[in-house]
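A.B. asks: Quick one, what's the 3D model for this:
(one chain, ligands or ions: 1)
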Amino acid sequence: MNQGKFITFEGGDGSGKSTQLGLTVAWLEAQGKDVFQTFEPGDTPLGGEIRRLLLSGEFMPVPACELLLFLADRAQHVEQVIKPALAAGKWVVCDRYTDSTLAYQLAGRKLEDDAELRAMLAWAEQGLKPDVTLWLDLSVADAAVRMAERVAEGEPSNRLDDEKKSFHEAVYQAFQSIQQENTQRVCRINAKQNMDVIQQDIQKVLKDL
Ligand code: TYD
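C.D. replies: Okay, the predicted model is just below:
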């Protein structure tokens, strides 16, 4: 049986990532691919509980606890969901993965990016790296405008969306560095363009897979 492909989407809150992910899944399916769409945190029964602990705002985990909960969610997700789907030959399209942890927990929360933490991140992934990562690049200022529009339309924000501007700046800079350090895997998509053009750029990348 053919091993499937593992595609991740990354970007700051308000970058239009979820919309583009949905369009991409529909396009891949139209190409005849067997696609499995998933997300982090929370796409296992146990992970759903972890997601609530992390994002509801009911709890204020210290940075180390926050990091460990995201990694716990990932370990469960990789083993229970992603690896079996790949083994069944599916194209797995995942909304956020380890790059989000690097950006939000290490850079955003200012945890020291040392060999010990990198080893923990790799351990939670259990050897599974994305084949390709699409980073939807939108500046913090532009993303903030979109987030404000959403809130005005009544969409709830999560505990991390509500972080201050300096946090979102650190997250943005981290995604930039991740892209520069992994130019083979991570493709930068200009998320300031209109929706159709963004989608065409994504399709161009995936056609090369
Ligand atoms: P979510 O509501 O799923 O939406 P979106 O991805 O569209 O922002 O929010 C997930 C939140 O969790 C988001 O604010 C980023 C954060 N997150 C981390 O801080 N670390 C991680 O490792 C992951 C996977 C997500």
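
A.B. asks: For whichever residue of the chain sits closest to the ligand, report the pLDDT, please.
C.D. replies: Residue nearest to the ligand within the chain (C-beta to the nearest ligand atom): Y104, separated by 3.1 Å. All C-beta spots, glycine's among them, are computed from the backbone N, C-alpha and C. On the pLDDT scale, Y104 is placed at 97.

A.B. asks: Could you list which residues are in contact with it?
C.D. replies: Residues counted as contacts of Y104 (C-beta atoms under 8 Å, 6 or more residues apart in numbering) are 70, 160, 171.

A.B. asks: Return the distance of it relative to A152.
C.D. replies: 24 Å (C-beta to C-beta, to the nearest Å).

A.B. asks: Just put the contacts of Y104 in CSV and tack on neighbour count.
C.D. replies: Converted to CSV, these look like this (neighbours: other C-beta atoms under 10 Å):
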residue, neighbour count
F70, 24
L160, 18
V171, 26
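
A.B. asks: would a markdown table of those residues with pLDDT and distance to the ligand be doable?
C.D. replies: Below are those laid out as a markdown table (pLDDT from 0 to 100; distance: C-beta to the nearest ligand atom, whole Å):
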| residue | pLDDT | distance to the ligand |
| --- | --- | --- |
| F70 | 98 | 4 |
| L160 | 89 | 3 |
| V171 | 96 | 8 |
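
A.B. asks: which one of those residues is nearest L117?
C.D. replies: Minimum distance to L117 across those is 12.1 Å, recorded for F70 (C-beta to C-beta).

A.B. asks: residues in contact with that closest one?
C.D. replies: So F70 contacts 40-41, 54, 100-101, 104-105 (C-beta under 8 Å, 6+ apart).

A.B. asks: As JSON lines, those with secondary structure would be great.
C.D. replies: Shown next, in JSON lines, are the contacts of F70 (DSSP: H, G, I helix; E, B strand; the rest coil):
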{"residue": "E40", "secondary structure": "coil"}
{"residue": "P41", "secondary structure": "coil"}
{"residue": "L54", "secondary structure": "helix"}
{"residue": "S100", "secondary structure": "helix"}
{"residue": "T101", "secondary structure": "helix"}
{"residue": "Y104", "secondary structure": "helix"}
{"residue": "Q105", "secondary structure": "helix"}
